[in-house]
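Visitor: pasting the sequence and the predicted coordinates here, then a few questions.
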Amino acid sequence: MRKCLLILILLVSFDRTSAQNPVKWKFETVCISDSIQELIITAVIQDGWYIYSKDNGNLGPMPTSVKFDASSEFELMGSQEEEGEKWMKFDPFFNMELAYFKHQLILKQRFKRLTNTDITLKGKVDFMGCDDHMCLPPQSKSFEVPIKRKK
């Protein structure tokens, strides 16, 4: 009986850790001109959690990054921008100063439409959610954002 109870406790603990996702993502586009639009990706981060900036590089924890599937329907313009309250702290585990975001991170990427048909932006956001005690394994959030043609 004790063995079954211990296994049940371990399974419930594992399920809570693996299913925990402190970051919710929203995707939308804004029209800048007839051919230029901007994808706005918003991360809503649960209290007590944070995600790392894209500007930390690859020497420490996984930076938040957006990767787009290749397409002949659009081309990216410029680099991705981060908006939100950026925090800095020395992380003893990585032995370096790191930038991160609490509560919210907004990523913006402008793109130029190369066709006047309906298109779909596809890609993924890679990120790692952490709190003051642990980091969850790196995660990816795939997205597909349909964009109607201009009439």
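Guide: Okay, I see it.
Visitor: C-alpha from now on. contacts and neighbour counts both.
Guide: Fine.
Visitor: in which helix or strand does the residue nearest the centre of the chain reside?
Guide: Nearest to the mean C-alpha position of the chain, counting by CA atoms, centre = their mean, stands residue 125 at 4.3 Å. Assigned by DSSP states H and E, residue 125 belongs to strand 119-127.
Visitor: name the helices or strands packed onto that strand?
Guide: In terms of contacts (3 or more CA pairs under 8 Å, 6 or more residues apart in numbering; DSSP states H and E), strand 119-127 is packed against strand 65-68, strand 139-147.
Visitor: residue 62 is in contact with the residue nearest to the centre of the chain, correct?
Guide: No - at 11.4 Å, residue 125 does not count as touching residue 62 under the criterion of CA atoms under 8 Å.
Visitor: distance check, residue 62 against residue 42.
Guide: 18 Å (CA to CA, to the nearest Å).
Visitor: ditto for residue 137
Guide: 20 Å.
Visitor: who has more neighbours out of those two?
Guide: residue 42 (20 against 11; other CA atoms under 10 Å).
Visitor: may I have the beta-bridge partners of the more buried one?
Guide: Beta-bridge pairing for residue 42 (DSSP bridges): residue 26, residue 106.
Visitor: so where's the protein uncertain?
Guide: Applying pLDDT under 70 to the chain picks out residues 1-19, 151.
Visitor: which stretches of it form helices?
Guide: Remark: helices assigned in the chain by DSSP state H are 2-19.
Visitor: next, count neighbours for residue 72.
Guide: 9.
Visitor: which ones are touching the spatially closest residue to it that is not a sequence neighbour?
Guide: Computed as CA to CA, 6 or more residues apart in numbering, the closest residue to residue 72 that is not its neighbour in sequence is residue 114, at 7.2 Å. Listed by CA atoms under 8 Å, 6 or more residues apart in numbering, the contact partners of residue 114 are 35, 72-75.
Visitor: of these, grab the buried ones for ChimeraX.
Guide: ChimeraX command restricting the contacts of residue 114 to the buried ones, with burial defined by 16 or more other CA atoms under 10 Å:
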select :74
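Visitor: export the contacts of residue 114 as a markdown table, with columns for distance to residue 84.
Guide: Output for the contacts of residue 114, formatted as a markdown table (distance: CA to CA, whole Å):
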| residue | distance to residue 84 |
| --- | --- |
| 35 | 27 |
| 72 | 31 |
| 73 | 30 |
| 74 | 27 |
| 75 | 25 |
